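Student: Dropping the sequence and predicted coords here.
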There are 2 protein chains.
Amino acid sequence: MDTKSLNPMFTARSVVLIGASSNPGKWGYVMLKNLINGGFTGNIYPVNPEAEELLGKKVYKTLEDVPETPDLAIIVVPPKAVLASVQACTDKGIKAAVCITAGFAELGEEGSRLQDEMVRTARAKGMVMVGPNCNGIMSPWEKLYVDFPSFHVPPGSIALVCQSGGIVDGLARKAMIKGLGCSLCVASGNEADLHMEDYLAYLADDLRTSVILCYIEGFKDAERFYRIVREVTKKKPVVAYKAGKTQAGAKAAMSHTASIAGSDEVFEGICKQTGILRAQNLHQLFNLGTAFMNQPLPKGQRIGIITAGGGWGVMAADECVSLGLDMAKLSDETIKKLDAFLPAWWNRGNPVDLVAGSGPDDVLRVVEMVLASPDVDGVIYIGLMPALKFTREELLHRGATGAAWGDALIRASVEVVRHLRSLAGKYDKPVVVASEHLISSAEQEVRTLHAIGQSGNVCYEMPYEAAEVMAALVSYGKWVNAGN
Amino acid sequence: MDTKSLNPMFTARSVVLIGASSNPGKWGYVMLKNLINGGFTGNIYPVNPEAEELLGKKVYKTLEDVPETPDLAIIVVPPKAVLASVQACTDKGIKAAVCITAGFAELGEEGSRLQDEMVRTARAKGMVMVGPNCNGIMSPWEKLYVDFPSFHVPPGSIALVCQSGGIVDGLARKAMIKGLGCSLCVASGNEADLHMEDYLAYLADDLRTSVILCYIEGFKDAERFYRIVREVTKKKPVVAYKAGKTQAGAKAAMSHTASIAGSDEVFEGICKQTGILRAQNLHQLFNLGTAFMNQPLPKGQRIGIITAGGGWGVMAADECVSLGLDMAKLSDETIKKLDAFLPAWWNRGNPVDLVAGSGPDDVLRVVEMVLASPDVDGVIYIGLMPALKFTREELLHRGATGAAWGDALIRASVEVVRHLRSLAGKYDKPVVVASEHLISSAEQEVRTLHAIGQSGNVCYEMPYEAAEVMAALVSYGKWVNAGN
């Protein structure tokens, strides 16, 4: 399949909604509303045999009445009417459709037959189709939001392809509240026509996408997936979470999206041989994904850890070693350089425990010294607090609950993460940051993380998360360096 | 040791701060300020040879000058002055001290000798001591906040004992922002006098504590810990995270709190033989802890899963089975009962996929039917959204960003979790809830979780978290039922 055939889908300039509804409880209403509110600038054609106007848009009685051939059709009619709608789309010359409606292969044989018929009809005229049984796609750079929840994830560089609408929405929302954005979100549903690997192939060449996250319940064609994804990982990292790894999960996956989960060992093998990075849960999937947004890939696996919290350092070292990374051995020369900045009783080892008494500039200089050392391939820095720099003016508001101190805290936090990112760029080695936000309220923390995200960076919470992220960077670095 | 000897520490009615300071950058200032701001109602005596008054409190030149024998002494003088302060405390007849100052066993032999001398001096007069090298204790029911960060975790039923000040603070803050509270927080530091197990023995009989969370880097006396904790777990659950599990981590632990980490296999053995529930990271430590705040212990391990998100159900089933739980097989009778409420095409299996079209009352009735079934020992419910119930009045504000809709969303969320908790009580089986908050902003989510906590309940985020929590409840239920 030529990936160009997905262009009308993801860069559509005109959309028809077959099954538009005036009932606010129906998907045919919600989808139209979300599409409009998302700011789509192309033509939108609602189709409904009874309405005249919906949400300010002229409604067409049939698809035939629509005055142009839209790039993309969204189908939300009841299951029995879907096949006729697909036929109407191909008759109209439409080249891409998203079929939201459920009630097909996931319900058994009869649904499967109907679904197969839809696919045959679509393919006969070269129309590609997402779903059925899905909740749509979001193409934020195009302001094309074909989805159920009423939020609009901003444009960014993370692509999501999930065999579950709820999960694609959850991940997109997570990106949004962290101040990040997505290049493309696909809820692939039953994958009757387009499969997981088709989206991956498309995204491999999509310049706006820097990393692809997948939620997988099963494969329609595992061999084809393997063949295609092996090429994709040469171009960009793919991180995947696989559900249905137990018999109970596999059974649930069957009734969810008609997926054959396959054995977990087979999937593990596919990951090893294709360079897919495997996440153990959705938190990790998201974390590993964000790691690849802007970090340089490490050339080795000798990690330096710098922290002002002794316990954090212990945990980070544990997790790094448990994940197969090496704790960098600091050379005498590096130790000597650090001696100039750190109090006499510093621990002279890795993790570097910053202990009390170091100012923000010292802290950042220590990170730079460790990062610059030829014995270190990447740095984990834990605990923003000792590196926060405030003006005298800002300090007057310290601890106050008002906006002035809150804003100062956000500014200072963004500043540190930005500085650390600039060091990563300078030395072409990753610097992964994790921190609690002990002096912030929960709301303040949320705002801080959002601001850090908007600066194009990420601050994880726990040492184990930073270590997992570093291990993923190392792993993909090795895959790429091995000539894959 | 008689655990009563810890009473003067944790229920102190008068406190002396040796090393009080007028310098806002010093711990001797911050601690005094936090203690006062925490609302402590007993007498507070700052000691400093130079000041007259500090933060509105009369300052005493020496401990001798203090007009009564305080219950508790806090020592924040420089390391070289600590031994003399300890001596002064015992001379005064003080029975409990918290030594904040660092610079002892964690720095090597000389520090060790000094530390041993402090312990001998204290013990000679029956004074118990926390630390040194710690950041204090918080006894929220007594409004006794002897700690560095400037927040005051509210009273509650979670006890924290951590060999790291940063970690006890992080966990206490987490409880606070989730609307929960702590019964006692101890940063045990170098554990020169009082060890981890002494606090556990005290907490075993503390009626305000329902669960004990530990962060452990190592043991001063593993055999004694084993002997004592085995008795503690008969009375209440102990959940522990152990750092220093790798050689690199153990080395870092040594320079952090002078802890001998011991082999990870030994700790694993201790956990198995004492009924300690072992957490793999701090997120999990916190989650498992909150599970024991108010859930009934399950009598078996047959779990029912109910969700409106197909993907969530697949993941929850996977995680339950991976953790050794069984997916309950719903009896024909239960299926028949559910048929009356669910649309014809529901999946007739476990996980119960609620599919679209069920109202909030139906959703809760389905949960009750599954929970009531004799084939089910506990229920995981995922996804608050379909169970949210709004008034007509509230629905008018739907989707608006103003406070009205936000408040309605919080109220409805709290209501669902409360209802589920009441079902847990009615059937004496746990109901663990996890949910995303797709229709909330990040700030709104934070507020919702806080309100749920304040109702005495918890809503986890991810299916894997709910499964981990259920597995811990099952595990401790087995331990207790085995007559331990």
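Tutor: Happy to help now that I have it.
Student: and stretch A:465-477, is it in reach of chain B?
Tutor: No - judged by C-beta under 8 Å from any C-beta of the partner chain, stretch A:465-477 stays clear of chain B, getting no closer than 8.5 Å. All C-beta atoms are positioned from the backbone trio N, CA, C, and that covers glycine.
Student: Buried residues in that stretch, which are they?
Tutor: Within stretch A:465-477, the residues that count as buried by 16 or more other C-beta atoms under 10 Å in any protein chain shown are A:465-477.
Student: Show me which of those is closest to residue B:457.
Tutor: Nearest to residue B:457, judged by C-beta to C-beta, of these is residue A:465 at 26.2 Å.
Student: Of the buried residues of stretch A:465-477, just say which sits nearest to chain B.
Tutor: When these are ranked by distance to chain B (C-beta to the nearest C-beta), residue A:465 comes first, at 8.5 Å.
Student: Just the C-alphas of stretch A:466-473, formatted as CSV.
Tutor: The C-alpha coordinates for stretch A:466-473 follow below in CSV (Å, rounded to 0.1, in the frame of the first residue of the first chain):
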residue,chain,number,x,y,z
ALA,A,466,13.9,8.8,34.8
ALA,A,467,15.8,5.5,34.8
GLU,A,468,13.2,3.8,32.5
VAL,A,469,13.4,6.7,30.1
MET,A,470,17.2,6.7,30.1
ALA,A,471,17.2,2.9,29.4
ALA,A,472,14.8,3.4,26.5
LEU,A,473,17.1,6.1,25.0
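Student: tell me the mean pLDDT over it?
Tutor: The pLDDT scores in stretch A:466-473 average 98.
Student: Could you list the paired strands of the longest strand that chain A contains along with their orientation?
Tutor: What stands out as the longest strand in chain A, according to DSSP state E, is strand A:155-162. Looking at strand A:155-162 with DSSP bridges, its partner strands are strand A:182-187 (parallel), strand A:211-216 (parallel).
Student: For residue A:396, which of those strands is the nearest?
Tutor: Closest to residue A:396 of those is strand A:182-187 (C-beta to C-beta; 40.1 Å).
Student: near chain B, which residues of the stretch 51-200 of chain A?
Tutor: Where the stretch 51-200 of chain A comes near chain B, counting by C-beta under 8 Å from any C-beta, the residues are A:103, A:107, A:149-151, A:162-167, A:169-170, A:173, A:177.
Student: which among those residues gets closest to residue A:220?
Tutor: Residue A:220 lies nearest to residue A:163 out of those, by C-beta to C-beta, at 10.3 Å.
Student: Excluding sequence neighbours, find me the nearest residue to the closest one.
Tutor: residue A:217 (4.5 Å; C-beta to C-beta, 6 or more residues apart in numbering or on different chains).
Student: Return the backbone torsion pair for that neighbour.
Tutor: Main-chain torsions, residue A:217, degrees, to the nearest 10: phi -100, psi -30.
Student: count of neighbours near the closest residue in space to residue A:51 that isn't next to it in sequence?
Tutor: Nearest residue to residue A:51, sequence neighbours excluded (C-beta to C-beta, 6+ apart): residue A:59, at 4.4 Å. A count of neighbours around residue A:59, defined by other C-beta atoms under 10 Å in any protein chain shown, yields 20.
Student: Need the contact partners of the longest helix along chain A.
Tutor: Counting residues, the longest helix found in chain A (DSSP state H) is helix A:403-427. If you take C-beta atoms under 8 Å, 6 or more residues apart in numbering or on different chains as the criterion, helix A:403-427 is touched by A:294-296, A:360, A:364, A:367-368, A:371-372, A:381, A:384, A:387-391, A:394, A:397-399, A:430-431, A:433, A:439-440, A:444, A:447-448, A:451-452, A:455-459.
Student: Tell me how far the most centrally placed residue in chain A lies from chain B.
Tutor: Nearest to the mean C-alpha position of chain A, by C-alpha atoms, centre = their mean, lies residue A:158 at 4.4 Å. Distance of residue A:158 to chain B, given as C-beta to the nearest C-beta, to the nearest Å: 17 Å.
Student: ok, for that residue, nearest residue in space, not its chain neighbours?
Tutor: residue A:182 (5.1 Å).
Student: Thought residue A:292 was touching residue A:237, still the case?
Tutor: Yes - Residue A:237 is within contact range of residue A:292, at 4.7 Å (criterion: C-beta atoms under 8 Å).
Student: So for these two, which residues contact both of them?
Tutor: Common contact partners of residue A:237 and residue A:292 (C-beta under 8 Å, 6+ apart): A:211, A:472, A:476.
Student: Residue A:288 should be in a helix, yeah?
Tutor: Yes - counting by DSSP: H, G, I helix; E, B strand; the rest coil, residue A:288 is found in a helix.
Student: show me what contacts residue A:186?
Tutor: Residue A:186 sits next to A:130, A:137, A:160, A:161, A:162, A:168, A:199 when contact means C-beta under 8 Å, 6+ apart.
Student: hang on, the earlier thing: can you count the residues close to the residue nearest to residue A:158?
Tutor: As a burial measure, residue A:182 scores 26 neighbours (other C-beta under 10 Å).
Student: And the pLDDT at it?
Tutor: pLDDT recorded at residue A:182 is 98.
Student: I figured it hits residue A:156, correct?
Tutor: Yes - using C-beta under 8 Å, residue A:182 is in contact with residue A:156, at 5.2 Å.
Student: what is in contact with the two at once?
Tutor: Shared contacts of residue A:182 and residue A:156 (C-beta under 8 Å, 6+ apart): A:140, A:175.
Student: Contact residues of the stretch 301-450 of chain A facing chain B?
Tutor: Applying C-beta under 8 Å from any C-beta, one finds that the stretch 301-450 of chain A approaches chain B through A:309-315, A:317-318, A:320-322, A:327, A:345, A:347, A:349, A:351, A:353, A:383, A:399, A:436, A:438-439, A:441-443, A:445-447, A:450.
Student: and which of the contacts of residue A:186 is nearest chain B?
Tutor: Checking those against chain B with C-beta to the nearest C-beta, the nearest one is residue A:162 at 7.4 Å.
Student: beta partners of that closest one?
Tutor: Judged by DSSP bridges, the bridge partners of residue A:162 are residue A:187, residue A:215.
Student: residue contacts, it?
Tutor: Contacts here follow C-beta under 8 Å, 6+ apart; on that basis residue A:162 touches A:168, A:171, A:185, A:186, A:187, A:188, A:213, A:214, A:215, B:311.
Student: Need the pLDDT of the fourth one.
Tutor: It stands for residue A:186. pLDDT recorded at residue A:186 is 98.
Student: Can you name the residue of the stretch 51-200 of chain A nearest chain B?
Tutor: Closest point on the stretch 51-200 of chain A to chain B, by C-beta to the nearest C-beta, is residue A:164, at 2.9 Å.
Student: What strand or helix carries the nearest residue to that residue once chain neighbours are set aside?
Tutor: Spatial nearest neighbour of residue A:164, excluding adjacent residues (C-beta to C-beta, 6+ apart): residue B:311 at 2.9 Å. Per DSSP states H and E, residue B:311 falls inside helix B:310-322.
Student: which strands and helices sit next to that helix?
Tutor: Applying 3 or more C-beta pairs under 8 Å, 6 or more residues apart in numbering or on different chains; DSSP states H and E, one finds that helix B:310-322 contacts helix A:165-177, helix A:247-257, strand B:302-307, strand B:326-327, strand B:352-353, strand B:378-382, helix B:463-481.
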